[in-house]
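K.L.:
Using only what follows, build the 3D model:
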Amino acid sequence: MAEDFRHSARDSMDRISELPRDILQQILNFLSQKEAVRISVLSKSWRYNWCIRTNLDLSYNNFRGSKLQFLSVVDNILRRQHDERLSLSEFHLSISQVYPDHTSVFYLKKWVPLLTVIGVKKFRLSVYMSHTHHAYRKPPLKLPPVVFGAESLQDLHLENFEFDRKTIERILPWKHLRSLCLQKVYIEDEILQKIILGSPLLETLNVQGDCRRVGTVNLNHLHNLKYLSLQLCEREVDQYCSFEIHPPSLETIELRYSNISYHTGDDFRNLHSLFISNVRPSSLDRLSSTIFPCLKRLTISNCFGIEEIKLFINAPNILYFEYRGLKVPCISFAATSSKWKSEIYLVYQGSSWLLKLNELLNSLSHSEISLAVDQYCRINGNVMVRENVHNRPIVESLRMGSDLVIVMFFICRPRNIYGYKIKSVRLWKFLMERESGNEDELFRGLEEVSIETRVDIREGWRPSTSLDFKLPGLEFRLALKWRNTPL
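P.N.:
This next block holds a predicted model:
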């Protein structure tokens, strides 16, 4: 019976091996590359069949052997793809850099024309510094100009390269390119402008790196652009590159260490998500005169000088707002058509800071507010805060790990309090004052206080017992029930 089983398995394998190449290629495409490599041990004739997949991901980091051996293996694979007229639609290649790296450049000049002939549509090329060279940082590898001759590409991702003027001497229009991602690159604004001018059909543009000769890059001709992510500055002189954009087509904008410019009254009809981090006040100030009819998510993070301007966000369909920073912003929103959430992450900076925070919370009071505050300096000025606060809005979630939580009662009414100080004696003494008949305004409208617990985020909250405080790994929160009346 065992012999019959071996003959049956061998016959099945032979039948699979005899399948037409295009059918076998489709079968291998349903497997991950790792799975395709594993089944190569089933038969000698299958040893290199994984190489005929239409999408290949080759990384020296996963290769057991020298770099020269790795480059030779890649060369053989691409040669086979070309000689057997196979179809390779997606190719990812990651190589390590030694300095100087003439060998890698030699092979890249050889491979890119092959990729064009093979018909590669999506090409990802990245260079990483080998472990032995981390201590001695070398300039990134200069991108071979031949890459810009691959006209058939629809998706191009380049990582850790330097673009110089020789790089773009052979640049041809990318008539089919839909997505361009340049990460950890060294580039001049004029070179970037020329690349973009040759890519009129771009729908996705992601640029991250250091810019030399910072200036302005015009994106106005990209009428199909939907996703835009920019992080380009000259770090040594702290200068940001500026981008002129065509707003109507944009759906997502992510802006870091860069500036954008557009005309007052420009149409952002399709923008759903806006992320802004470490930008100049000039880019922020322009938001107040803009209507965002479809904006759902807005994130503002660590923007220098934001406390010096007043922001008004006209986004009637906003669902989520997030702010992170040291300074409290002065920001307000137009009336919204649905419920929305706001998450605020700040660092305590004294009594005047608390008053500004109270103003911010009041401006966000129509949303469900989550507030997290870190504290590194001494708490002071509670009396001044108490005398100057006239309305304490509801905060759905208050998260902090210090006695600052008590001070927060002077500027807001928290419904749920999280943090390791939940079980502190001082906090409970403060809350128990209302049980002694104290009619302090801080407790007006506070009907119930309880401690709840859960094991992990997948479980619901339940009332805690005295035994829970002795058990490790439990999460606690303080639940407060307020009458829904203004103070």
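
K.L.:
buried stuff in stretch 267-283?
P.N.:
Judged by neighbour count using 16 or more other Cβ atoms under 10 Å, the buried positions of stretch 267-283 are D267, F268, L271, H272, S273, L274, F275, I276, S277, N278, V279, S283. (Each C-beta comes from the backbone N, C-alpha and C, glycine too.)

K.L.:
list the contacts for the residue lying closest to K339 once chain neighbours are set aside?
P.N.:
Distances taken as Cβ to Cβ, 6 or more residues apart in numbering put E368 closest to K339, at 6.9 Å, once the chain neighbours are dropped. The neighbours of E368, taking Cβ atoms under 8 Å, 6 or more residues apart in numbering as the test, are K339, W340, K341, S342, E396.

K.L.:
For these, pick the one with the most neighbours.
P.N.:
S342 (25 neighbours; other Cβ atoms under 10 Å).

K.L.:
Check whether that one sits in a helix, strand or coil.
P.N.:
At S342 the chain is in strand, as set by DSSP: H, G, I helix; E, B strand; the rest coil.

K.L.:
cool, and F321?
P.N.:
Going by three-state DSSP: F321 is strand.

K.L.:
Distance-wise, check the nearest residue to it once chain neighbours are set aside relative to S397.
P.N.:
Closest residue in space to F321, ignoring its immediate chain neighbours: S342 at 4.4 Å, by Cβ to Cβ, 6+ apart. S342 is 11 Å from S397, where distance means Cβ to Cβ, to the nearest Å.

K.L.:
Look up the residues that both of these two are in contact with.
P.N.:
In contact with both S342 and S397: I369, S370, using Cβ under 8 Å, 6+ apart.

K.L.:
related to what we said a few turns ago, in contact with the residue nearest to F321: list those residues for me.
P.N.:
By Cβ under 8 Å, 6+ apart, the contact list for S342 reads Y320, F321, E322, Y323, L364, S367, E368, I369, S370.

K.L.:
Could you check how far it is from L480?
P.N.:
Distance of S342 to L480, computed by Cβ to Cβ: 19 Å.

K.L.:
Kindly report the same for I245.
P.N.:
The gap separating I245 from L480 is 45 Å, by Cβ to Cβ.

K.L.:
How about I394?
P.N.:
Distance of I394 to L480, given as Cβ to Cβ: 10 Å.

K.L.:
These two - which one has more neighbours?
P.N.:
Applying other Cβ under 10 Å to I394 and L480 shows that L480 carries more neighbours, namely 21 against 16.

K.L.:
how far does the helix or strand hosting the more buried one sit from the chain's center?
P.N.:
Counting by DSSP states H and E, the element that carries L480 is strand 475-482. Mean-position distance between strand 475-482 and its chain equals 32 Å (Cα atoms, centre = their mean, to the nearest Å).

K.L.:
Just checking: what are the partner strands of it?
P.N.:
Each strand paired with strand 475-482, and its direction, by DSSP bridges: strand 416-418 (antiparallel), strand 446-454 (antiparallel).

K.L.:
Please work out which of those strands is packed deepest.
P.N.:
Comparing these by mean neighbour count (mean count of other Cβ atoms under 10 Å), strand 416-418 comes out on top with a mean of 20.

K.L.:
what comes into contact with that strand?
P.N.:
Contact with strand 416-418 is made by E396, S397, L398, R399, V405, E475, F476, R477, L478, A479, L480, as judged by Cβ under 8 Å, 6+ apart.

K.L.:
As TSV, the residues you listed with distance to S332 and pLDDT would be great.
P.N.:
Formatted as TSV, these follow (distance: Cβ to Cβ, whole Å; pLDDT from 0 to 100):
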residue	distance to S332	pLDDT
E396	19	96
S397	21	95
L398	22	94
R399	24	91
V405	26	82
E475	34	84
F476	34	84
R477	30	87
L478	30	87
A479	30	90
L480	27	90
